[in-house]
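> What follows is a predicted protein model with its sequence.
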Amino acid sequence: MRFQLTEVEKVMPNSTFYFTIVRNPVSHMESSFSYFKNIDVFHGAKSLEDFFTNTSKYYKTNSANGYYAKNFMAFDLGFDNNGRESTKHFKLMCQAVDIMFDLVLISDYFDESLVLLKNALCWTFEDILSIPLNSRSNNTKQVLSKETQEKIKNWNQLDWNLYVYFNRSFWNKVDNFGRKRMENEVEELRKKRTEITQICLQGEVDPDQMQNKSLKPYQSGLARILGHNLKPGLKESDRLLCQKLITPEIQYTELLKKRAKHNLH
């Protein structure tokens with residue numbers, strides 16, 4: 001959902017812990033172009049370089065899908081993706097996010113983020129155990145020139161300022177947590193992930209090679225989203241856990257909706 005605190009507070013208790021995640025806008029833009037190539041703002045562009053050479057041709061501020069191509073994160077956090085670009089506005093936006101959220105994670109440091117989340121919520125390693133999903137095949141990834149990377153930062157100034165601000169605050173939190181302690185906990189998390197991966201998975205495969213088609217990840221744009229096959233012969237408790245860990249977000253959301261609906265009756 002697109003975040004709006006006043007609406008969320010209507011249905012959530014005062015004690016709610018709010019957290020979100022941001023990502024380097026350079027890799028985010030490269031990914032968005034691949035995932036959302038079929039929407040109007042990207043459809044006609046041959047490449048990201050072509051898009052940035054002809055932004056006035058491809059990008060219209062009144063496009064319903066404009067946020068996919070400009071300041072995607074700022075939009076998701078409830079701001080105008082075509083909003084003012086000034087030092088004052090950047091500062092106010094970052095401060096607003098800082099006030100609304102108890103913790104802002106960094107996608108580029110996902111394991112460190114999970115450790116901070118675990119600590120903040122008094123969770124265990126089992127609570128943050130995960131297997132990476134939504135990986136693209138390498139042949140749908142694009143290596144960007146330094147020039148294009150700088151254009152992305154300049155084009156997505158709201159997102160870039162959010163990322164710089166919260167990247168700095170993130171590492172301040174890591175310092176408070178303890179660098180050595182963080183190093184040890186990340187190592188423990190990765191060890192547990194390796195163990196569960198060895199128990200669960202035959203390997204990462206093209207979606208057409210998936211044995212359980214109901215777990216096929218959604219395919220979008222130019223991206224080829226890979227899936228997983230479970231090892232045969234798993235005992236029931238392991239099979240249930242492993243299947244949860246590789247269920248894509250659309251299918252998982254449907255499971256949560258069914259559970260919520262059941263609980264209402």
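Arrived safely, thanks for sending. Residues are numbered from 1 along each chain as shown.
> Which parts of this protein are helices?
Under the criterion DSSP state H, the chain carries helices at the ranges 5-8, 25-35, 40-43, 48-53, 55-58, 72-76, 87-100, 110-121, 146-155, 157-177, 179-200, 236-246, 249-264.
> Of all those helices, which one is nearest residue 17?
Closest of the helices of the chain to residue 17 is helix 110-121, at 6.4 Å (criterion: Cβ to Cβ). From N, CA and C alone the C-beta is placed, and that goes for glycine too.
> for that closest one, which positions count as buried?
110, 112, 113, 114, 115, 116, 117, 118 (16 or more other Cβ atoms under 10 Å).
> Quick check, the third one in contact with residue 105.
So that's residue 113. Yes - with contact defined as Cβ atoms under 8 Å, residue 113 counts as touching residue 105 (3.6 Å).
> which residues are common contacts for the two?
Common contact partners of residue 113 and residue 105 (Cβ atoms under 8 Å, 6 or more residues apart in numbering): 21, 170.
> How many residues are close by the nearest residue to residue 108 once chain neighbours are set aside?
Excluding its sequence neighbours, the residue lying closest to residue 108 (Cβ to Cβ, 6 or more residues apart in numbering) is residue 24, at 5.3 Å. Using other Cβ atoms under 10 Å, residue 24 has 19 neighbouring residues.
> Please apply the same query to residue 207.
Using other Cβ under 10 Å, residue 207 has 16 neighbouring residues.
> Now do the same contact list for it.
Counting by Cβ under 8 Å, 6+ apart, residue 207 has contacts 216, 217, 219, 224, 225, 226, 227.
> re the thing from before, with respect to residue 211, which of the helices of the chain lies nearest?
Closest approach to residue 211 among the helices of the chain is made by helix 236-246 (11.3 Å; Cβ to Cβ).
> For the closest one, which residues meet the burial criterion?
Buried, per 16+ other Cβ under 10 Å, within helix 236-246: 242, 243, 245, 246.
> Tell me the confidence at the closest residue in space to the second one that isn't next to it in sequence?
Using Cβ to Cβ, 6+ apart and skipping the chain neighbours, the partner closest in space to residue 243 is residue 230 (6.7 Å). According to the model's per-residue confidence, residue 230 sits at a pLDDT of 94.
> Was I right to think residue 230 contacts residue 199?
No - Residue 230 lies out of contact with residue 199 (Cβ under 8 Å); the separation is 9.7 Å.
> With neighbour numbers in mind, choose between the two.
Higher neighbour count among residue 230 and residue 199: residue 230, with 20 against 14, using other Cβ under 10 Å.
> Bridge partners for the more buried one, pull those for me.
For residue 230, the beta-bridge partners are residue 201 (DSSP bridges).
> For stretch 19-31, buried residues please.
Quick answer for stretch 19-31 (16+ other Cβ under 10 Å): 20, 21, 22, 23, 24, 25, 26, 28, 29, 30, 31.
> Let's have these in a markdown table, adding pLDDT.
Shown next, in a markdown table, are those (pLDDT from 0 to 100):
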| residue | pLDDT |
| --- | --- |
| 20 | 98 |
| 21 | 97 |
| 22 | 98 |
| 23 | 97 |
| 24 | 97 |
| 25 | 97 |
| 26 | 97 |
| 28 | 96 |
| 29 | 96 |
| 30 | 95 |
| 31 | 93 |
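> Which pair of those residues spans the longest distance?
Among the buried residues of stretch 19-31, the pair separated by the greatest distance (Cβ to Cβ) is 20 and 30, at 21.1 Å.
> Of all pairs in the contacts of residue 207, which one is the farthest apart?
Counting by Cβ to Cβ, the most remote pair of the contacts of residue 207 is 216 and 224, 11.9 Å apart.
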